[in-house]
Each structure stands twice: as structure tokens, then as C-alpha cells.
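A.B. asks: only geometry, no sequence info:
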Ligand code: IVH
């Protein structure tokens with residue numbers, strides 16, 4: 001024995017006492033169970049080697065904590081034991097070998113397999129069938145009297161059913177809070193401004209420790225029995241038989257308890273429960289395996305605090321402790337900047353984890369995490385690993401604050417911070433969260449890369465064979481500046497990249513070209529507008545019916561689409577304000593053969609697009625539904641409303657508060673906004689008034705393109721393509737995205753591609769830009 005060993009022992013004891021107190025007494029554990037268990041194992045190992053160093057105050061001498069002062073103490077006539085653990089099949093096999101050797105048995109055993117409920121061990125004492133006392137396990141010998149609280153647990157019978165029970169019967173089992181009850185409890189607590197519980201077990205422990213049973217009664221506590229303690233008359237010769245008997249007396253059991261023959265079937269049971277773990281209505285942290293025959297149990301007996309005849313086969317820990325080495329900031333497809341925790345690799349939930357999402361700046365603030373901190377990370381099922389909390393007592397002196405970048409870490413462009421309402425996964429509640437976005441659109445290489453990967457993915461354009469490495473090379477070589485550029489790539493372009501041969505390059509080019517025919521809704525998903533997924537894209541395609549119309553559609557009209565709320569409408573609108581994305585859109589309509597585009601917006605959308613709706617939407621002070629109705633009935637157009645004078649309002653009988661609110665509202669910029677809105681609505685085919693002619697929209701000329709289908713392709717010098725399109729539409733043209741034999745004319749700007757070739761094939765009339773202006777000049 002060295003002084004070093006003593007020193008280590010001293011530190012371990014102090015740590016275990018500190019964390020044990022937090023866990024058992026305060027219900028505020030700071031460390032994951034696995035780390036606590038490890039320290040305890042270390043202590044036990046040292047004490048086993050140096051029994052002379054064991055002191056009465058060693059945490060090994062008292063598993064659990066002191067009962068809280070105010071509770072009456074209860075001595076367990078038969079001690080409440082704990083269980084040895086196994087963490088893999090080999091340890092489980094070793095368990096069986098131990099007992100087989102001890103009994104010189106050749107055959108395997110029949111076992112009782114049970115979920116290891118993650119709650120608190122409780123003893124219920126029944127005298128003549130009446131519940132007379134309930135106690136916590138405490139240190140195994142002495143617990144706390146919690147009869148007043150146990151009586152509030154709804155599935156604990158206060159009186160046994162049936163007959164034939166021993167005069168004194170002690171039922172042992174686990175008190176826990178089911179997952180759904182836990183979520184509701186936390187929601188309720190947060191609403192009341194109280195703190196949320198970290199997990200269902202803490203919530204159950206906290207509830208049983210209440211002195212006032214009225215509090216426990218409001219908590220969704222449940223009890224499942226797993227064994228019998230004291231019994232004045234012995235009954236049953238198997239564990240499962242005893243549990244079945246308890247059930248007949250009205251005691252609840254977990255429905256997962258199963259009688260299983262042989263170790264291979266035990267392993268199958270473990271695997272099955274593990275795969276269903278997340279669907280079970282309560283938390284479990286493993287399975288408990290018990291030799292079923294009571295006679296065999298008795299022959300095997302106990303060692304120290306645990307029976308030889310049972311073992312807990314634990315699941316891989318879902319929470320572990322590790323170091324936060326750094327925080328990196330990743331830029332996603334929509335420009336959202338996500339802090340990613342770089343962790344010292346740690347095995348948790350069955351895999352090695354070295355990254356965890358920190359979500360956003362709010363999350364970093366909430367956790368109060370610093371670089372260099374010891375953190376608890378959790379990986380449950382297939383869920384992305386999360387940082388749960390920080391072990392502040394282990395913070396090093398040189399821990400550094402996490403500094404959110406002031407500009408995009410990929411391209412250096414300014415960042416915009418937006419606050420959004422998000423549905424919280426666990427509680428479905430709306431919570432505010434801030435998102436920082438790079439404002440550089442597709443000019444940001446990181447956004448471009450993610451946008452391309454998204455564009456080619458299965459749910460979008462679905463192009464096979466464009467892996468991350470290739471995408472990166474396409475970007476750095478400058479071959480691709482928007483996802484639409486993919487359609488221009490040639491075999492020669494791919495041959496310039498690493499690892500391509502003639503055949504593979506050819507294959508990729510044709511894999512891309514076969515995807516040129518796309519349904520409109522798929523094109524809309526592929527744009528990568530935040531929040532616009534499959535069903536929203538379908539709804540948009542159905543109602544708006546064309547890519548160009550979508551780009552021009554004002555927010556106030558977008559929210560009329562099913563599935564599109566104010567937030568999504570804002571996202572769509574913002575998306576098209578970026579010039580790089582407008583360019584992308586123009587390229588797309590050029591390069592793709594989009595099917596499913598319609599000539600007009602849907603009848604459904606038109607019906608909903610009433611002037612009343614817009615007056616109601618605009619947020620004009622003092623204008624709710626009633627006044628929106630009055631305004632729409634009176635003015636019949638936003639432009640006419642915007643040019644209304646004081647007397648107009650008065651003569652319509654509006655009261656003075658409303659009149660002055662309207663006059664204040666109508667300043668130069670809102671007037672402009674209103675006429676822009678009306679113009680944009682009209683442009684996408686959403687106009688409501690027939691009876692009131694409006695000068696600005698009137699055409700004196702006969703409509704040159706009435707009923708004719710025109711296609712635009714390439715780039716134009718004198719006017720933006722969208723404006724040309726609007727002009728043609730004003731003259732009655734139907735501007736379509738694809739050439740057919742019904743096309744009246746193809747107007748081809750510079751760098752026209754496949755559409756030009758197709759028009760030639762179909763012998764469609766082709767004008768260049770000069771010819772277009774000439775043609776228009778005759779009428780304008
Ligand atoms: S039997 C003598 N069965 O696990 C055997 N325990 O680590 C004593 N637990 O204190 C326990 N589910 O709180 C047993 N089906 C189960 C259990 C179970 C959960 C808990 C119990 C015990 C701890 C031991």
C-alpha cells in the first residue's frame with residue numbers, strides 16, 4: 001500500500017459522497033450513472049485489495065443515501081438487495097458458468113426475464129390483505145416510510161383481491177413514472193414557472209420524497225412488482241409462479257415478464273427488448289435475469305449485497321461523460337449556421353460519438369457550456385447525440401467561452417439572425433429559437449455544396465452517383481455555380497476531375513440528363529426553400545402552377561395555400577429575394593422540361609384570394625375582420641384605397657378613430673407597397689375586381705399575343721427575362737416553359753440551349769431579342 005493509493009481512495013470517496021448526495025438526497029445528479037458506477041467499481045476494487053483501508057464512512061458501506069430527516073425510518077426485516085451487472089453476452093455467459101459450476105450442474109436453467117425498470121425500489125407490506133406500510137429501499141437495511149405517498153399510486157391496491165394471501169406479505173417492486181406522464185408533468189411544471197425534472201426516475205424519486213401526499217397524488221406514479229420479500233406463509237416454488245400469484249391478488253406486473261429456457265433465449269429476449277426500448281411506455285435500462293426455481297435460488301444464496309441467482313444485463317449507457325474539445329460552425333443548405341460540438345470520442349448508446357449538435361446560440365447559452373468543459377452527452381436510439389448538461393465541478397481554469405461567429409465561417413458574408421417559432425419534438429410545444437443565417441445564398445460555397453447535395457438527393461431530382469467528393473471538386477473547379485449548372489456538364493468536364501474514366505464520366509452525364517423531365521412539385525422541393533418539403537411543394541404546385549409565378553407571388557397570397565403559414569410564406573418570399581437564387585430559378589426553367597405546369601393559378605386559390613383577405617392580412621391599425629369587409633366593399637381595389645382622401649373615408653361613414661388610423665397608415669411607402677402588392681397579385685393571375693377599371697392596368701392596344709403560347713430561353717440584354725414575360729402576358733400571351741408544336745414563337749436570347757434545338761426540330765418560329773423588340777415596337 002502506498003500513500004498514492006490512499007490519496008486515490010480519499011479522492012474517490014469524496015467524489016462519490018458528493019455525487020451520491022446529489023443523486024440520492026437532492027435528486028439533482030450531475031454525473032451520468034455510468035460514470036458514478038465506474039468510480040464505485042474503482043473504489044470497490046481498491047478496497048478489495050486493501051480491506052484494512054475500508055472505513056465506516058466509505059460509500060461502499062452504504063449504497064444509497066441517508067433517509068431525509070423528516071421521514072420515519074423503516075427497517076427491512078429482510079434486506080433489500082441489489083444486483084450484479086453484465087454488459088455483454090460474455091459476461092452473461094460467465095454468470096451462468098459461475099452458477100453451473102457452483103451447483104455442478106450440466107443442464108442450463110429456466111429463467112425469469114424482466115425489464116429492468118428505471119425507477120425506485122419500494123417495499124409494500126400487506127397485513128391481512130391490507131396495505132399497512134410502504135418504504136423506500138434506502139440503504140437496503142433501513143428505508144423511509146412513504147406509506148402516505150404510496151397510497152396515492154393508482155395501481156397499488158390498498159387491499160388485496162381474491163384470497164389465500166399470507167397474513168403478512170411484503171411485495172417488492174419499482175415505482176416509476178411512465179414516459180407520457182413525465183412529459184405532461186414537466187410541461188405543467190414549466191407552465192407554473194417551476195423547474196423541469198431531468199428524467200422520469202428523478203421525477204419519481206422527487207415525488208416519493210414529498211412529505212405532503214397531496215403532491216405525490218398529482219404525480220403520475222406507477223408500480224410494478226418484481227419479487228416477494230417477507231411472507232408469513234411461504235407460497236410458490238418458482239419466481240414466475242410467485243409473480244403470477246401476486247397478479248391474481250391484484251398486484252400489477254410488467255407485461256414484459258417472461259419465462260425463458262436456456263441462455264440463447266435469454267439473449268434473444270434481451271435483443272428484442274432492446275429494439276423495442278423506445279416504444280415501451282416506461283424507461284428501462286436493461287433486463288433482469290433470475291433463476292426461476294426457488295429451490296435453486298436458495299442453494300445459490302447471496303454474495304455481499306447481491307443474489308448469485310440473478311443478474312442485471314444492462315443496455316449500453318445512453319448517457320456518457322466526455323470532454324468538449326472545440327466547437328465548429330457548419331453552414332447548411334439554407335445558410336443556417338449550426339454549432340457542432342467536437343467531443344473526445346466516447347462510446348454511448350452503442351456507438352462511438354465524436355460530434356453532437358449544439359443547435360443554436362440559445363442552446364449554448366442555456367447549457368452555459370465552455371470549450372474544455374466536461375459534458376454529459378446522450379444518444380437515445382437513433383436520435384442525434386445531444387449535450388445534456390455540463391459538469392461544472394470539473395471545469396478547468398482555462399475553459400474558453402464559445403464565441404458565435406460574426407460572419408459566415410465559410411464565405412465571410414454577413415450573418416442575419418432570425419427568431420423562429422419551432423415545435424419542440426418531445427412536447428409538441430412552440431418554442432422560440434434563434435437561427436443565424438449566412439446571407440450569401442448560392443455564392444457561399446458551403447451553401448452551394450449543401451444545396452447541390454440536396455438537389456441531387458432521392459426526394460429531389462434524384463441523380464445517382466454525385467457523391468460529396470465530386471460535388472466539392474465541381475465547386476472548387478468553378479464548373480458549377482448553381483445546382484442547375486449540373487445539366488451543362490459534359491464528359492470532358494468530369495474527366496478533368498479526380499478518378500473519372502471515359503465510361504464513368506459518360507455514365508454520370510447520362511444519369512444527369514435523364515432527369516431533365518421533372519414534375520413541378522419536385523422542382524419546387526429541389527429549390528431547397530427552408531420549411532418547404534414534400535407536402536408543401538405539392539400544395540404549392542397545385543395552387544400556383546408555375547415556377548415563375550411562385551417566384552413572383554407575394555407573401556399575402558402564399559399564405560392562402562394549404563400547408564403554408566405566415567412563416568413558410570416568409571421563407572419562400574425571402575428565398576427569391578436572393579439574386580443568386582433567382583438566377584438558379586431562371587436556369588432551371590431553361591434547362592428542365594417541367595411537367596405539371598398550369599396556365600393559371602388554381603380556382604381554389606383564386607376563390608380564396610379576396611380583397612377582404614388582403615385588407616385583413618395587411619396589419620392596418622384598427623382594421624380587423626369587420627373593417628376589412630367595409631374597406632373591401634367600399635374600395636374594391638388596394639390602389640384605389642391607397643389614393644383615398646380624407647373626405648372619401650368620411651363620406652363612407654367611417655368613424656373618426658378609424659379615419660385617422662387609415663390616414664396615418666397611408667404614407668408614401670405603404671401606398672407604394674399596396675400598389676406593388678396589387679400589381680404582383682395581378683401578375684400571378686390573382687385579381688378580384690372586374691367592375692372597377694383601373695387606369696394603370698388598362699391596355700388601349702389590341703392584345704398582340706392573345707391566346708398564343710410563347711417560350712423564352714437564354715439571357716436577354718435589354719430587359720430582365722421576368723419583365724419580358726410579364727410584358728408578354730399583359731399582351732395576352734401564355735408564357736410556357738416547354739416547346740411543343742403548338743408554340744407560337746420561341747424567343748431565344750443569348751446562350752440558348754436545348755430549347756432552341758427542339759424548336760428547330762419542331763419547326764417552331766424563332767425570334768432573337770432584336771426581333772422581339774422590333775415586333776413589340778410596332779405596337780408600343
Ligand atoms: S430484483 C434480489 N427485478 O434494480 C433482487 N430489480 O440494480 C433485487 N430493478 O434495486 C432486485 N427492475 O430497484 C429486480 N425486474 C427487476 C427490476 C429491479 C428494476 C431495480 C431495483 C433494484 C435495482 C438493482
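C.D. replies: That came through fine. Just so it is clear, the structure is predicted and the values come from calculations on it, not from any experiment.

A.B. asks: Look up which helix or strand the nearest residue to residue 469 once chain neighbours are set aside falls in, please.
C.D. replies: Nearest residue to residue 469, sequence neighbours excluded (CB to CB, 6 or more residues apart in numbering): residue 498, at 7.8 Å. C-beta here means a position set from N, CA and C on the backbone, and glycine is covered the same way. Under DSSP states H and E, no helix or strand contains residue 498.

A.B. asks: Now do the phi/psi pair for residue 498.
C.D. replies: With angles defined as degrees, to the nearest 10, residue 498 sits at phi -60, psi 140.

A.B. asks: my guess is it contacts residue 473, does it?
C.D. replies: Yes - Residue 498 is in contact with residue 473 according to CB atoms under 8 Å; the separation is 6.5 Å.

A.B. asks: Look at the two and report which has more neighbours.
C.D. replies: Taking other CB atoms under 10 Å, residue 498 and residue 473 do not tie; residue 473 has more neighbours (17 against 7).

A.B. asks: Distance-wise, check that one relative to residue 90.
C.D. replies: Going from residue 473 to residue 90 by CB to CB, to the nearest Å gives 46 Å.

A.B. asks: And for residue 607?
C.D. replies: The value you get for residue 607 to residue 90, if CB to CB is used, is 69 Å.

A.B. asks: Up against the ligand, what does the protein have?
C.D. replies: By CB under 6 Å from any ligand atom, the residues of the chain that approach the ligand are 81-83, 114, 116-117, 121, 137, 174, 226-227, 288, 307, 310, 312.

A.B. asks: Can you name the residue of the stretch 251-400 of the chain nearest to the ligand?
C.D. replies: residue 288 (4.0 Å; CB to the nearest ligand atom).

A.B. asks: which residues touch that residue?
C.D. replies: 83, 113-116, 226, 310-313 (CB atoms under 8 Å, 6 or more residues apart in numbering).

A.B. asks: Over to residue 752?
C.D. replies: 713-714.

A.B. asks: where exactly do the helices run in the stretch 201-350 of the chain?
C.D. replies: 213-217, 239-248, 263-276, 294-300 (DSSP state H, counting those that start in this stretch).

A.B. asks: List the buried residues in the last one.
C.D. replies: If you call a residue buried by 16 or more other CB atoms under 10 Å, then helix 294-300 has these buried ones: 294, 296-297, 300.

A.B. asks: Output those residues in a markdown table; the columns should cover distance to residue 632.
C.D. replies: Listed next are those as a markdown table, based on distance: CB to CB, whole Å:
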| residue | distance to residue 632 |
| --- | --- |
| 294 | 83 |
| 296 | 85 |
| 297 | 82 |
| 300 | 85 |
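
A.B. asks: quick one: which of those is nearest residue 94?
C.D. replies: Of all these, residue 94 sits closest to residue 300, with 15.0 Å by CB to CB.

A.B. asks: was I right about that closest one contacting residue 308?
C.D. replies: Yes - because the distance of 4.2 Å satisfies CB under 8 Å, residue 300 is recorded as touching residue 308.

A.B. asks: Pull up the overlap in contacts between the two.
C.D. replies: Contacts common to residue 300 and residue 308, judged by CB under 8 Å, 6+ apart, are 99, 102.

A.B. asks: which regions of the stretch 301-450 of the chain lie under the pLDDT threshold?
C.D. replies: The model of the stretch 301-450 of the chain has pLDDT under 70 over residues 381-382, 422-430.

A.B. asks: let's see it at 50
C.D. replies: 426 (pLDDT under 50).

A.B. asks: what ranges do the strands span in it?
C.D. replies: 302-303, 306-307, 310-314, 319-331, 337-348, 351-357, 370-371, 374-378, 386-390, 400-401, 415-423, 430-438 (DSSP state E, counting those that start in this stretch).

A.B. asks: Distance to residue 185 and mean neighbour count added to those, as JSON lines?
C.D. replies: Formatted as JSON lines, these follow (distance: least, CB to CB, whole Å; neighbours: other CB atoms under 10 Å):
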{"stretch": "strand 302-303", "distance to residue 185": "37", "mean neighbour count": "12"}
{"stretch": "strand 306-307", "distance to residue 185": "32", "mean neighbour count": "16"}
{"stretch": "strand 310-314", "distance to residue 185": "26", "mean neighbour count": "23"}
{"stretch": "strand 319-331", "distance to residue 185": "20", "mean neighbour count": "19"}
{"stretch": "strand 337-348", "distance to residue 185": "26", "mean neighbour count": "19"}
{"stretch": "strand 351-357", "distance to residue 185": "26", "mean neighbour count": "15"}
{"stretch": "strand 370-371", "distance to residue 185": "31", "mean neighbour count": "18"}
{"stretch": "strand 374-378", "distance to residue 185": "19", "mean neighbour count": "22"}
{"stretch": "strand 386-390", "distance to residue 185": "18", "mean neighbour count": "19"}
{"stretch": "strand 400-401", "distance to residue 185": "34", "mean neighbour count": "12"}
{"stretch": "strand 415-423", "distance to residue 185": "20", "mean neighbour count": "13"}
{"stretch": "strand 430-438", "distance to residue 185": "18", "mean neighbour count": "17"}
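
A.B. asks: which residues pair with residue 227 across the strands?
C.D. replies: Residue 227 forms beta bridges with residue 172, as assigned by DSSP bridges.

A.B. asks: residues near it, how many?
C.D. replies: Neighbours of residue 227 using other CB under 10 Å come to 22.

A.B. asks: what does residue 410 give?
C.D. replies: 21.
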